[in-house]
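> Show me how the following folds:
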Amino acid sequence: MFHPPIDPKEVRAIMIRSQIADAQTVLSDEEVSLCQRVFDHISSVRQITTDTEREDLARRVIHSYQHGVKDEGALMRLLI
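Predicted coordinates for the structure are as follows:
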């Protein structure tokens with residue numbers, strides 16, 4: 001059976017949503033979008049390529065956000 005290639009953006013979006021589910025937290029669409037933008041930017045800057053690194057970064061983004069780092073720029077500075 002043929003499976004079309006997975007878009008890297010879809011993989012990154014899955015990482016953030018997966019970590020939100022694992023953390024058993026509820027975030028609004030706007031909060032998820034903010035975390036996703038931070039994750040995408042840092043993934044690109046740090047050239048993250050492995051699933052393990054992506055999972056770790058997604059976990060750190062969500063954890064930091066949950067613990068009060070709500071500003072997008074501050075999250076990026078903290079995690080780069």
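
> low-confidence ranges in this protein?
For the chain, residues meeting the criterion pLDDT under 70 lie at 1-13, 22-24.

> how does it look with 90?
For the chain, the stretches flagged by pLDDT under 90 are 1-27.

> Touching, residue 37 and residue 72? I think so.
Yes. The criterion here is Cβ atoms under 8 Å, and residue 37 meets it with residue 72 at 6.5 Å. (C-beta placed from N, C-alpha, C; glycine too.)

> which residues touch residue 17?
Taking Cβ atoms under 8 Å, 6 or more residues apart in numbering, we find residue 17 in contact with residue 32.

> For it, identify the helix or strand it belongs to.
For residue 17, the enclosing helix or strand under DSSP states H and E is helix 8-22.

> Identify the residues contacting the helix or strand just after that helix?
Using DSSP H and E, the helix or strand that follows helix 8-22 in sequence is helix 29-45. If you take Cβ under 8 Å, 6+ apart as the criterion, helix 29-45 is touched by 9, 12-13, 15-17, 20, 27, 48, 54, 57-58, 61-62, 65, 72, 75-76, 79-80.

> residues of helix 29-45 that come out buried?
Neighbour counts using 16 or more other Cβ atoms under 10 Å place 31, 32, 34, 35, 36, 38, 39, 40, 42, 43 of helix 29-45 among the buried residues.

> from the chain's centre, how far out does it sit?
On the basis of Cα atoms, centre = their mean, to the nearest Å, helix 29-45 sits 5 Å off its chain's mean C-alpha point.

> What of stretch 16-26?
Offset of stretch 16-26 from its chain centre (Cα atoms, centre = their mean): 10 Å.

> Output that stretch as CSV, restricted to C-alpha atoms.
Taking C-alpha atoms only, stretch 16-26 is exported to CSV below (Å, rounded to 0.1, in the frame of the first residue of the first chain):
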residue,chain,number,x,y,z
ILE,A,16,3.2,19.7,20.3
ARG,A,17,-0.3,18.3,20.5
SER,A,18,1.1,15.0,21.7
GLN,A,19,3.0,16.7,24.6
ILE,A,20,-0.1,18.7,25.5
ALA,A,21,-2.1,15.4,25.7
ASP,A,22,0.7,13.7,27.8
ALA,A,23,0.7,16.7,30.2
GLN,A,24,-3.0,16.3,30.6
THR,A,25,-3.5,20.1,30.2
VAL,A,26,-6.0,22.2,28.4
